[in-house]
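Enquirer: any chance you can model this:
(one chain, ligands or ions: 1)
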Amino acid sequence: MKNSARDLLASYIDALYPIIYINHFDFKVIDDIVSDIVDGRKVVEYNNGLGIVDFKTKSMMKECDLFNFLKLVKDDGYEHSLLIVLKDVHNQLDSPEIVSMLKYIAERNLYNESYNASIFIVSSKLSIPEELEDLITVFDMPLPTVIEIKSIMTEFTKDLDIDVSEDVLSEISLSFKGLNEFQIKQILNLAYQDGGCLDFDDKQLILSQKEQLIKKAGLLEMIPVHETIEDIGGLENLKEWLYKKECIFNQLDKAIKFGVDIPKGIMIVGMPGCGKSLAAKATAKLFEIPLVRLDVGRLLGKYIGESEENMRKALKLSEAISPCVLWIDEIEKAFSGVGGSGGGSDVTTRLFGQFLTWMQEKENTVFIVATANDISKIPPEFLRKGRFDELFYVDFPNDEERRKIIEIHLKKRNKWNKELDIISLVKLTGGYNGADLEAIVKDAIENCFIEGKEHLTTEDLKTAQRNIKSISSTLEKRIKEIKEAVKDMDLKPASNPENKMAAKPTSKRPVGQAGGAAIMGKSIAGMVNPAFWLKG
Ligand code: ATP
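Expert: The predicted structure is shown next:
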């Protein structure tokens with residue numbers, strides 16, 4: 001990582017970028033990189049808390065305010081090739097005097113051939129004064145590539161004399177993607193303290209670190225997932241498709257090396273309460289990757305450009321924590337108003353464009369699951385072939401699917417028994433969706449308990465059914481509209497018309513890799529002492 005960051009930063013200086021804003025929290029990492037590019041230049045450092053600091057030894061040289069420091073060094077650029085390092089000064093960038101001083105130095109650097117001084121502003125907070133916008137270049141520390149991650153891991157295992165197979169190294173390094181060097185070392189350290197080794201189970205530690213990133217940023221929502229693909233009754237075509245992709249996501253490194261195209265995502269449209277959200281959750285569980293929800297409403301900001309910046313950050317974050325499932329629920333609402341006129345619509349249109357471009361160009365392991373009821377409100381560009389790998393249509397469950405859904409919900413509550421005449425209930429529930437059927441089961445069990453009965457009977461279920469109206473009858477008009485909107489579209493039915501069960505792939509998991517549930521093997525709590533290897 002250091003090499004790519006160093007080369008990039010050196011190229012900025014050579015290209016006479018006058019002020020480089022390094023948006024990073026770890027000053028040690030930045031100091032190392034700056035030391036690598038010094039190349040005979042004089043380095044002067046100012047730290048908001050300490051005043052003037054010796055760049056090499058980090059000892060305090062003189063208490064001083066930023067304005068006077070800049071005044072002191074501003075003409076040094078005539079005598080030396082100068083690097084001015086300013087740390088944690090983001091709060092002072094609204095002072096007109098300081099802005100003028102920075103501008104003075106930056107302009108000398110640009111227009112005066114006998115002057116040479118580059119300014120580095122290093123801070124984890126980005127705050128760019130309008131007056132300096134054109135002179136400042138933001139430098140986002142590049143995150144380590146998979147090769148760099150591998151070398152961090154190799155260095156770690158060598159230092160501690162741990163044996164790690166090539167398979168583990170490759171698979172884990174891919175999971176680390178999106179984390180910075182500090183975070184990677186922290187997790188390696190935790191993993192080592194816990195088990196004295198590195199193995200596939202450490203993916204769980206990586207996941208928990210990624211969860212923290214999401215929480216801190218507040219732009220995406222991490223959804224805890226308990227639902228499995230077996231919890232979905234019916235939708236066998238969709239399940240079969242997902243089973244195939246599972247094989248890729250569970251051994252991403254191998255798949256990529258083999259030349260497999262990484263799946264982009266799916267759109268699931270159709271009737272309410274029929275398992276679309278359930279499928280989004282079950283996908284993440286099946287692929288053993290985190291599920292994050294993008295709520296476009298949450299990104300909307302008060303200031304000009306704020307929403308777009310939030311969208312950029314949210315998409316970057318999803319890449320950072322990838323492989324992951326990025327779930328956009330009710331996408332028709334998220335992007336409603338696209339193409340319309342007026343302030344709100346303009347912002348939505350821009351966000352939509354931004355999202356489409358990202359989707360088009362994306363070459364990452366973010367798997368998108370977009371769910372929607374009403375396809376007529378979705379901009380057609382979104383549905384064009386090539387955006388998603390597949391567009392699925394979810395209809396009301398057929399007889400066999402209703403039987404399975406009822407069975408799933410009875411079994412979930414330990415109330416399944418062979419005496420129950422589910423078929424007769426199936427016959428009564430044409431037009432009911434999955435959520436209605438679940439409600440019947442729930443109500444029947446609750447009543448059975450309240451009445452002090454020991455066993456649930458078919459009659460209990462039928463009584464509950466009589467009290468619950470199907471969604472098709474309560475939302476008749478709406479359902480018609482949804483059907484009308486999809487009728488001419490090229491959508492693949494999520495259900496299999498012959499109710500053929502989806503074929504599960506035979507397991508091709510790398511040897512030693514645990515399944516979804518078993519992956520929790522390592523405990524995360526109480527293992528926090530990252531310092532020992534970081535210092536080493
Ligand atoms: P909406 O469009 O209103 O958001 P949805 O299609 O996303 O609806 P879900 O949230 O997935 O519907 O379903 C609601 C609940 O109904 C689920 O949590 C699940 O308990 C039950 N359910 C729906 N469909 C199925 C199904 N095919 N199999 C099992 N349970 C189902």
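Enquirer: now the helix or strand containing E309: how far from the chain's centre is it?
Expert: Assigned by DSSP states H and E, E309 belongs to helix 306-321. Distance, stretch centre to chain centre, for helix 306-321: 9 Å (CA atoms, centre = their mean, to the nearest Å).
Enquirer: which SS class is Y115?
Expert: coil (DSSP: H, G, I helix; E, B strand; the rest coil).
Enquirer: residues contacting it?
Expert: Y115 makes contacts with 77-78, 108-109, as judged by CB atoms under 8 Å, 6 or more residues apart in numbering. Every C-beta, even on glycine, is put in place using the N, C-alpha and C of the backbone.
Enquirer: any quick PyMOL command for the buried ones out of these?
Expert: Selection of buried members from those for PyMOL, criterion 16 or more other CB atoms under 10 Å:
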select buried, resi 77+108+109
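Enquirer: which of the contacts of Y115 sits closest to the ligand?
Expert: N109 (56.0 Å; CB to the nearest ligand atom).
Enquirer: wouldn't the closest one be in contact with L135 here?
Expert: No - the pair N109 / L135 is not scored as a contact, 9.2 Å apart, by CB atoms under 8 Å.
Enquirer: excluding chain neighbours, what is closest to K281?
Expert: E227 (4.4 Å; CB to CB, 6 or more residues apart in numbering).
Enquirer: sorry, back to before: which of the contacts of Y115 fall within strands?
Expert: Among the contacts of Y115, none falls in strands (DSSP state E).
Enquirer: nearest to G386, of the contacts of Y115?
Expert: N109 (45.9 Å; CB to CB).
Enquirer: rewinding a little: list the buried residues in the helix holding E309.
Expert: 307-308, 310-312, 314-315, 317-321.
Enquirer: after that helix, next one along is what?
Expert: Next along from helix 306-321, by DSSP H and E: strand 324-328.
Enquirer: for that following strand, give me every contacting residue.
Expert: Residues contacting strand 324-328 (CB under 8 Å, 6+ apart): 210, 220, 223, 265, 280, 283-284, 287, 289-294, 296, 318, 334, 365-371.
Enquirer: that one vs the ligand: in contact?
Expert: No - Strand 324-328 does not reach the ligand (CB under 6 Å from any ligand atom); its nearest approach is 10.4 Å.
Enquirer: same question, stretch 474-489
Expert: No - judged by CB under 6 Å from any ligand atom, stretch 474-489 stays clear of the ligand, getting no closer than 9.6 Å.
Enquirer: about what we covered before: other residues contacting the helix holding E309?
Expert: With CB under 8 Å, 6+ apart, helix 306-321 has contacts from 143, 178-179, 210, 213-214, 217, 219-220, 290, 292, 294, 296, 298-301, 324, 326, 347, 350-351, 354-355, 358, 364, 366.
Enquirer: where does the protein dip in pLDDT?
Expert: 1-3, 195-197, 302-304, 336-344, 506-536 (pLDDT under 70).
Enquirer: who in it is up against the ligand?
Expert: 231-235, 272-278, 371, 373, 405, 408, 434-435, 438.
Enquirer: type out the PyMOL command that picks the buried ones from the residues you listed.
Expert: Entered in PyMOL, the line below selects the buried ones among these, by 16+ other CB under 10 Å:
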select buried, resi 231+232+233+234+235+272+273+274+275+276+277+278+371+373+405+408+434+438
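Enquirer: tell me which of the residues of the chain next to the ligand fall in helices.
Expert: 276-278, 405, 408, 434-435, 438 (DSSP state H).
Enquirer: quick one: which of these is nearest the ligand?
Expert: Nearest member of those to the ligand, counting by CB to the nearest ligand atom, is G434, at 2.1 Å.
Enquirer: E246 and K427: what is the separation?
Expert: As for E246, its distance to K427 is 35 Å (criterion: CB to CB, to the nearest Å).
Enquirer: repeat that for F392.
Expert: For F392, the distance to K427 equals 27 Å [CB to CB].
Enquirer: I37 now?
Expert: For I37 relative to K427 (CB to CB), the value is 76 Å.
Enquirer: which of those two has more residues huddled nearby?
Expert: Neighbours were counted for I37 and for K427 using other CB atoms under 10 Å; I37 has more, 19 against 11.
Enquirer: what's the distance between that one and V29?
Expert: Going from I37 to V29 by CB to CB gives 13 Å.
Enquirer: ditto for D295
Expert: Distance from D295 to V29, by CB to CB: 33 Å.
Enquirer: next one: G275
Expert: For G275, the distance to V29 - CB to CB - is 46 Å.
Enquirer: what's the answer for N109, then?
Expert: 25 Å.
Enquirer: what helix or strand does S472 sit in?
Expert: Applying DSSP H and E, one finds S472 within helix 471-474.
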